[in-house]
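In: From the sequence below, what's the structure:
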Amino acid sequence: MFEIVNKAFEDIDKITILLQLGGNVIEQSQIKNQILSLEKKIDEICRLDLPEKLKLDLIAALKKLLRKIHLS
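Out: Numbers count the residues shown, from 1 in each chain. You can find the predicted model right below:
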């Protein structure tokens, strides 16, 4: 159960790194693929009964990522 959450955090980290590298076509494609992967994981995570702190940590990481995407 927690493996999917860890993988979601890994996707968030990968997207953050790709955003910092710049915006060439290959990196943009990788970002898109990572976002789609993250979206699938989030759909699965929503169905799980997780501890409240873990949910809040994941939401905070997603909000931080969305801010970075918005600013890039």
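In: Can you tell me which residue is spatially central in the chain?
Out: Note on the chain: the residue nearest the mean C-alpha position is Ile12, at 3.1 Å, using C-alpha atoms, centre = their mean.
In: if I look at that residue, how far off is Val25?
Out: 22 Å (C-beta to C-beta, to the nearest Å). C-betas here are computed from N, CA, C, even on glycine.
In: I'd like to know how far Phe9 sits from Thr16.
Out: Taken as C-beta to C-beta, the span from Phe9 to Thr16 is 11 Å.
In: ignore the last one, Val25
Out: From Val25 to Thr16 the distance is 19 Å (C-beta to C-beta).
In: So which of these two has more stuff around it?
Out: Set Val25 next to Thr16 and count neighbours by other C-beta atoms under 10 Å: Thr16 wins out with 17 against 7.
In: On the pLDDT front, check the more buried one for me.
Out: Model confidence at Thr16, expressed as pLDDT, equals 90.
In: Ok, Gly23 next?
Out: 68.
In: buried residues in stretch 20-37?
Out: Neighbour-count burial for stretch 20-37 flags 30-31, 34-35, 37 (criterion: 16 or more other C-beta atoms under 10 Å).
In: Next: stretch 38-54.
Out: Buried, per 16+ other C-beta under 10 Å, within stretch 38-54: 38, 41, 45, 50.
In: wait, which of these is closest to Leu56?
Out: Within the buried residues of stretch 38-54, the smallest distance to Leu56 is 9.9 Å, found for Leu50 (C-beta to C-beta).
In: Report all helices and strands that the helix or strand harbouring the residue nearest to the centre of the chain contacts.
Out: Taking DSSP states H and E as the definition, one finds Ile12 inside helix 2-21. Counting contacts by 3 or more C-beta pairs under 8 Å, 6 or more residues apart in numbering; DSSP states H and E, helix 2-21 packs against helix 25-46, helix 52-71.
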